[in-house]
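Undergrad: coords please:
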Amino acid sequence: MAFKTRVLFVCTSNAARSQLAEALLRHTDTEHFEAFSAGTQPTSIDPRTLEALEHLNVNTDGLRSKATGEFSGEHFDYVITLCDKSAAECMTSLKAGEVLSWHFEDPATSSEPDAFRHTLHEIHERIKMFVLVKNKR
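TA: Numbering: from 1, shown residues only. You can find the predicted model right below:
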C-alpha cells in the first residue's frame, strides 16, 4: 500500500469548518490522503454541517468532534487551521511537516441563510486545489 499524506484540519470547536474539510478531503481523494479533524475547544458537530455534506452526497460516517489533544504525539504531513483563533491556539501540541492557515468564516455564527452550504463550497474549492497541487509532487 502506498504512503498516504496525513492531513489534520483544525478549527476552534470542531463543529463545522474542520468537519466539512475532513469529510471533503476524504470525498475528494482517499487514495493519496488520510484526513482528520480536531478542535482547540471542541463542542459537538452542528447538525447543519451534516445536512450540508449529505446534500452533496458526501459520506459523514465516522465524523465526531475531537480535541487536538487526541492527536498529540502523532505526526501529520499538514496541519491546516481553518480560522485565525485556532491558528494561534493549536500549534504547541501538534507535529506537522507543514502548517497552513486557511481562514473561513464560521457558518455557525453567520446570519446568512445558506452559510453552511456557502462555507462547504469555499472549503471544497480550496481542497480540490490543495489535492491538485500536492498530487503533482
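Undergrad: ok, E74 - contacts?
TA: The contact partners of E74, taken as Cβ atoms under 8 Å, 6 or more residues apart in numbering, are R6, K95. For the C-beta atoms, the positions are set from N, CA and C on the backbone; glycine is no exception.
Undergrad: if we go to 7 Å?
TA: Contact analysis of E74 by Cβ atoms under 7 Å, 6 or more residues apart in numbering lists K95.
Undergrad: and for A23?
TA: So A23 contacts L53, V58, N59, T60, L63 (Cβ under 7 Å, 6+ apart).
Undergrad: for the longest helix seen in the chain, which positions count as buried?
TA: For the chain, the helix with the greatest residue count under DSSP state H is helix 115-134. By 16 or more other Cβ atoms under 10 Å, the buried positions in helix 115-134 come out as 115-120, 122-124, 126-127, 130-131.
Undergrad: kindly report the same for stretch 68-81.
TA: Here stretch 68-81 shows T68, F71, F76, D77, Y78, V79, I80, T81 as buried, counting by 16+ other Cβ under 10 Å.
Undergrad: from R126, how far off is V79?
TA: With the distance defined as Cβ to Cβ, to the nearest Å, V79 ends up 15 Å from R126.
Undergrad: ignore what I typed, I meant R117.
TA: In terms of Cβ to Cβ, R117 sits 15 Å off from R126.
Undergrad: report pLDDT for the closest residue to G39 other than its chain neighbours.
TA: Nearest non-adjacent residue to G39, counting by Cβ to Cβ, 6 or more residues apart in numbering: N14, 2.9 Å away. pLDDT recorded at N14 is 92.
Undergrad: ok, how many other residues are close to N14?
TA: Residues near N14, counting by other Cβ atoms under 10 Å, number 29.
Undergrad: so how far is the first residue of stretch 94-114 from its last?
TA: Taking Cα to Cα, to the nearest Å, stretch 94-114 runs 33 Å from one end to the other.
Undergrad: likewise for stretch 34-54?
TA: 20 Å.
Undergrad: tell me the mean pLDDT for it?
TA: 95.
Undergrad: buried ones in it?
TA: Judged by neighbour count (16+ other Cβ under 10 Å), stretch 34-54 contains these buried residues: 35-40, 42, 45-46, 48-50, 52-53.
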